[in-house]
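# Sequence plus the predicted model coming up.
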Amino acid sequence: MTEATRRERLRAETEREIRQAARALLVESGRDAVTLRAIARKLGITAPALYRYYDSHDALLRQLCDDICDDMATALHEDLAADPTAKVDCKVRTVCHAFRRWALAHPQEFALVFASPRDPLGADQFGSVFLRLAGPLIASNQAANHVDAEVPSVLHEDLVRFQQVLAGAVSATGVELDGHVLNLGKIYHVVQSWVRLYGHVALEVFGRFPFAVTNPEPMFDSMLDQMLMDIGFSEAPESAGAPESAGR
């Protein structure tokens, strides 16, 4: 092993230890506890030494978000791989349940990614997972009657930009679509579905339901039924309700 290779390996190991220490502080005490001073103290080094690995505190948090999003995506894809059904709507139901389950089990990580006081640090990275899943769903519902006229005109400009993002994500899955399939009406329903999914999960994670709910899961299942119908399925899937994997 050359000296240069040895230095690179040691640097990579130190970077991994820094991120592990930051993740541990996040899980134990929340975002505010993830300071350079606290990480340095945990590793037994000086805070200025951390700047040799990360330019700023924000840079470290963004790397931490990348790690969290990778872990979250892995968990969702594992659930998808374990789903024996071939129906796209059932797979979407599976991944939505997996997202909820992960968020409830990792509230501090969820908060860092999706509820940072400034911009959501990792929302774009994780949103791409759902965009890749949306491609096959849209392709399987080309006859869904979503028309541009139902979209409020004030949203057109924003939705056109998202339309381009979604078209790229669908193309990356290898799915070829006719232009009319990704009209603004369809885009509008995809965005609404993400808002409803995220909103329900966030209310659960942060304990902010507007009334006492002993078991929110049936409400979540009902929301998924309606969401799938609104996207273009004529009726809720026969397997409506939590998938077998939801209890794992």
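Ah, there it is.
# what pLDDT, on average, does the host helix or strand of Lys91 get?
Per DSSP states H and E, Lys91 falls inside helix 88-105. Per-residue pLDDT over helix 88-105 has a mean of 88.
# and if you look at stretch 202-222?
Averaging pLDDT along stretch 202-222 gives 90.
# start to end distance for that stretch?
Start-to-end span of stretch 202-222 (Cα to Cα, to the nearest Å) is 17 Å.
# Now do the buried residues in it.
204-205, 216-217, 220-221 (16 or more other Cβ atoms under 10 Å). For glycine as for every other residue, the C-beta is placed from the backbone atoms N, C-alpha and C.
# What is the nearest of these to Lys42?
Val205 (25.9 Å; Cβ to Cβ).
# May I ask you to confirm that that closest one is in contact with Leu112?
No: look at Val205 against Leu112 with Cβ atoms under 8 Å: they stay out of range, at 11.8 Å.
# re earlier: can I get the buried residues of stretch 202-222 in JSON lines with secondary structure and distance to Thr2?
Shown next, in JSON lines, are the buried residues of stretch 202-222 (DSSP: H, G, I helix; E, B strand; the rest coil; distance: Cβ to Cβ, whole Å):
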{"residue": "Glu204", "secondary structure": "helix", "distance to Thr2": "52"}
{"residue": "Val205", "secondary structure": "helix", "distance to Thr2": "48"}
{"residue": "Pro216", "secondary structure": "coil", "distance to Thr2": "56"}
{"residue": "Glu217", "secondary structure": "helix", "distance to Thr2": "55"}
{"residue": "Phe220", "secondary structure": "helix", "distance to Thr2": "54"}
{"residue": "Asp221", "secondary structure": "helix", "distance to Thr2": "57"}
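# What is the most widely separated pair among those residues?
Val205 and Asp221 (17.5 Å).
# which helices and strands sit right next to the helix holding Lys91?
Under the contact definition 3 or more Cβ pairs under 8 Å, 6 or more residues apart in numbering; DSSP states H and E, helix 88-105 sits against helix 57-82, helix 123-139, helix 184-205, helix 217-231.
# okay if I get those helices as a markdown table plus distance to Ala40?
Formatted as a markdown table, the helices and strands packed on helix 88-105 follow (distance: least, Cβ to Cβ, whole Å):
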| stretch | distance to Ala40 |
| --- | --- |
| helix 57-82 | 12 |
| helix 123-139 | 27 |
| helix 184-205 | 30 |
| helix 217-231 | 41 |
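# Got the phi and psi for Thr46?
Torsion angles at Thr46 (phi, psi; degrees, to the nearest 10) stand at phi -90, psi 150.
# low pLDDT regions in the protein?
1, 3-4, 86, 116-147, 169-170, 173, 175-181, 233-248 (pLDDT under 70).
# Kindly report the domain assignment for it.
If you go by automatic domain parsing, the domain ranges for the chain are 1-54, 65-247.
# which of these is buried the deepest?
Scoring the domains of the chain by mean neighbour count under mean count of other Cβ atoms under 10 Å gives domain 65-247 as the most buried, with a mean of 16.
# Give me the next element, helix or strand, following the host helix or strand of Thr14.
Thr14 is part of helix 3-29 when elements are defined by DSSP H and E. Next in sequence after helix 3-29, counting helices and strands by DSSP H and E, comes helix 36-43.
# can you tell me which residues contact the residue lying closest to Leu43 once chain neighbours are set aside?
Computed as Cβ to Cβ, 6 or more residues apart in numbering, the closest residue to Leu43 that is not its neighbour in sequence is Ala21, at 5.6 Å. Ala21 makes contact with 39, 42-43, according to Cβ atoms under 8 Å, 6 or more residues apart in numbering.
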